[in-house]
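Visitor: Structure, please.
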Amino acid sequence: MEKKKKESTIKISLNINTKFNESYLDEQNDIINEALIKNNNKEIIHSL
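Guide: Okay, the predicted model is just below:
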């Protein structure tokens with residue numbers, strides 16, 4: 001019983017981390033896309 005409980009906790013933690021990472025990446029994507037539009041692609045591509 002104790003072992004099963006521990007595994008459940010690990011799964012929940014992984015799900016939370018995945019959701020956080022997805023929303024974080026979406027946010028970063030939006031920031032990059034906005035910057036690309038504002039800089040007309042030149043400066044951003046140069047810095048990459």
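Visitor: Point out the other helices and strands that the helix of greatest length in the chain packs with.
Guide: The single longest helix within the chain, with elements called by DSSP state H, is helix 2-38. In terms of contacts (3 or more Cβ pairs under 8 Å, 6 or more residues apart in numbering; DSSP states H and E), helix 2-38 is packed against helix 42-47. In this view, the C-beta of every residue, glycine as well, is placed from N, C-alpha and C.
Visitor: Now the longest helix of the chain: buried residues?
Guide: Buried residues in helix 2-38, counting neighbours by 16 or more other Cβ atoms under 10 Å, are absent.
Visitor: What mean pLDDT does that helix get?
Guide: Mean pLDDT, helix 2-38: 75.
Visitor: Distance check, residue 19 against residue 36.
Guide: Distance, residue 19 to residue 36, using Cβ to Cβ, to the nearest Å: 26 Å.
Visitor: go on, residue 27?
Guide: Distance from residue 27 to residue 36, by Cβ to Cβ: 15 Å.
Visitor: go on, residue 22?
Guide: 21 Å.
Visitor: Same check on residue 18?
Guide: Distance from residue 18 to residue 36, by Cβ to Cβ: 27 Å.
Visitor: for residue 23, same thing?
Guide: Residue 23 is 20 Å from residue 36, by Cβ to Cβ.
Visitor: for residue 30, same thing?
Guide: On the measure of Cβ to Cβ, residue 30 and residue 36 end up 11 Å apart.
Visitor: list residues touching both of these two?
Guide: Counting by Cβ atoms under 8 Å, 6 or more residues apart in numbering, residue 30 and residue 36 have no shared contacts at all.
Visitor: residues in contact with residue 38?
Guide: No contacts exist for residue 38 under Cβ under 8 Å, 6+ apart.
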